[in-house]
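Student: show me how the following folds:
(chains A and B)
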There are 2 protein chains.
Amino acid sequence: MTDAKQKILSSKDVFTAKLFTVKEEVLQDHNNQLHTFHTAYTNPAAGVIPITSKGEIILINQYRYIFEKRILGMIAGYIEEGETSLQAVKRELHEEAGITAGQFELLAKIELARSVAVQTYHIFLAKDLEIGEAHPDSDEDIEIVRLSLQEAVKKVMNGEIYHSPSMTAILMLDKLKREKKI
Amino acid sequence: MTDAKQKILSSKDVFTAKLFTVKEEVLQDHNNQLHTFHTAYTNPAAGVIPITSKGEIILINQYRYIFEKRILGMIAGYIEEGETSLQAVKRELHEEAGITAGQFELLAKIELARSVAVQTYHIFLAKDLEIGEAHPDSDEDIEIVRLSLQEAVKKVMNGEIYHSPSMTAILMLDKLKREKKI
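Tutor: Got it, this is the predicted structure:
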């Protein structure tokens, strides 16, 4: 069972969308058997949780047509061509919530999945906030929600916040706050 | 900005793989503008964290060819046709780690993403464990890792565990343990 034995024999693009590419890959496993997989490689995204000077966090409650309802979670978006993840969250903060922040901290680089539909996601914390007017895209129907970190943790634990990267970010912030690191 | 204004005008399958379907959808937004989206609808999955009588948790360190390395995280898999999420985690526990458990608790139903490549994920806790021999699929190269919940939380916070649903599960368990609910 050594890692070296698994190798990709071939890889080809079979479907291309704006924000992901589906590849068909043939894997030779560590038992020398062949397997064909289809994997959606999604563009990387970045999310950010702004914290006010009073220790409140700012989330968005955005209508998501896929789920036919609003979903409460962190401000986030896809990293655009030529952007860094930090530039992406600065842009999303401004567009979705009208926020500019003086201080950013990278909390984590995470993977949403280990197979099938994979996506890298960078999570930031933002402080020293100036809150102005939001500039959402025309298809974005967004409510800004300001709440204490404790209230957010409660909503994670009771299922009201169920977006995995947002749950991860809020629980990490809670852990850091208890350790007095933020 | 009422939710009622956003509606899907058309939806068609444009690519079908074993574990996901890509749909092309035309959305009429709340400003009456039209947008075409491609979304990968991935089959639902389920993950489980077994806890031993000593309070240790059991994770897997599995080689993932997509990342060209092993990834540490919870035992998980796709829910098969006709299975419930609980039946799926019982099967995965047996196959990947040789574990049967007498007690299960649903911790959370989460969504990995809010757009583009969406997947529902059920997270369980398993107790009253009997640990036997694993029966992995031929392409699964798996190491079983047993560690304290505290060690796992440390690995989440320092970036060694970076799979979002596993991070969410471990931090939720940590919160429940501090509240003496598990």
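Student: burial count for the closest residue to A:Ile144 other than its chain neighbours?
Tutor: In this structure, A:Ile144 finds its nearest non-sequential neighbour in A:Ala97, 5.5 Å apart by Cβ to Cβ, 6 or more residues apart in numbering or on different chains. Yep, even glycine has a C-beta here, placed from its N, CA and C like the rest. Residues contacting A:Ala97 under the criterion other Cβ atoms under 10 Å in any protein chain shown number 26.
Student: CA atoms of the longest helix that chain A contains as PDB?
Tutor: Counting by DSSP state H, the longest helix found in chain A is helix A:164-178. This file holds the C-alpha atoms of helix A:164-178, laid out as PDB (Å, rounded to 0.1, in the frame of the first residue of the first chain):
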ATOM      1  CA  SER A 164     -20.000  23.800   5.400                       C
ATOM      2  CA  PRO A 165     -17.300  26.400   4.800                       C
ATOM      3  CA  SER A 166     -19.300  29.000   6.800                       C
ATOM      4  CA  MET A 167     -19.700  26.500   9.600                       C
ATOM      5  CA  THR A 168     -16.000  25.800   9.600                       C
ATOM      6  CA  ALA A 169     -15.100  29.500   9.600                       C
ATOM      7  CA  ILE A 170     -17.500  30.300  12.500                       C
ATOM      8  CA  LEU A 171     -16.400  27.400  14.600                       C
ATOM      9  CA  MET A 172     -12.700  28.200  14.000                       C
ATOM     10  CA  LEU A 173     -13.300  31.900  15.000                       C
ATOM     11  CA  ASP A 174     -15.100  30.600  18.200                       C
ATOM     12  CA  LYS A 175     -12.100  28.500  19.000                       C
ATOM     13  CA  LEU A 176      -9.700  31.400  18.400                       C
ATOM     14  CA  LYS A 177     -11.800  33.700  20.500                       C
ATOM     15  CA  ARG A 178     -11.800  31.300  23.400                       C
END
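Student: how about that helix: buried residues?
Tutor: Residues of helix A:164-178 classed as buried: A:164-176 (neighbour count, 16 or more other Cβ atoms under 10 Å in any protein chain shown).
Student: so which of those reach chain B?
Tutor: A:Ser164, A:Pro165, A:Met167, A:Thr168, A:Leu171, A:Met172, A:Asp174, A:Lys175, A:Leu176 (Cβ under 8 Å from any Cβ of the partner chain).
Student: check the last one and give its pLDDT.
Tutor: The one in question is A:Leu176. A:Leu176 is assigned a pLDDT of 96 by the prediction.
Student: for it, what are its contacts?
Tutor: A:Leu176 makes contacts with A:Ile182, B:Met157, as judged by Cβ atoms under 8 Å, 6 or more residues apart in numbering or on different chains.
Student: quick check: closest non-adjacent residue to the residue lying farthest from the centre of chain A.
Tutor: Seen from the C-alpha centroid of chain A, the residue lying at the greatest distance (Cα atoms, centre = their mean) is A:Asn32, 36.0 Å away. Among residues not flanking A:Asn32 along the chain, A:Lys5 sits closest, at 7.6 Å (Cβ to Cβ, 6+ apart).
Student: how near is that neighbour to A:Ile75?
Tutor: Relative to A:Ile75, A:Lys5 is positioned 43 Å away (Cβ to Cβ, to the nearest Å).
Student: what about the residue nearest to A:Asn32, how many neighbours?
Tutor: 13.
Student: thought it was touching B:Tyr63?
Tutor: No. At 9.0 Å, A:Lys5 does not count as touching B:Tyr63 under the criterion of Cβ atoms under 8 Å.
Student: now the common contact residues for the two.
Tutor: With Cβ under 8 Å, 6+ apart as the test, A:Lys5 and B:Tyr63 both reach A:His30, B:Asp141.
Student: how is chain A divided into domains?
Tutor: A:3-42, A:45-105+A:120-178 (automatic domain parsing).
Student: is the residue lying closest to A:Glu92 once chain neighbours are set aside bridged to anything, and to what?
Tutor: What sits nearest to A:Glu92 in space, not counting adjacent residues and going by Cβ to Cβ, 6+ apart, is A:Gly77, at 4.2 Å. Per DSSP bridges, the residues bridged to A:Gly77 are A:Ala46.
Student: please identify the most buried of the domains of chain A.
Tutor: Neighbour counts (mean count of other Cβ atoms under 10 Å in any protein chain shown) averaged over each of the domains of chain A peak at domain A:45-105+A:120-178, with a mean of 19.
Student: for B:Val26, see how far away the residue nearest to A:Glu92 is.
Tutor: From A:Gly77 to B:Val26 the distance is 21 Å (Cβ to Cβ).
Student: show me what contacts A:Ser10?
Tutor: A:Glu25, A:Val26.
Student: specify the local secondary structure of it.
Tutor: Three-state assignment for A:Ser10 (DSSP: H, G, I helix; E, B strand; the rest coil): strand.
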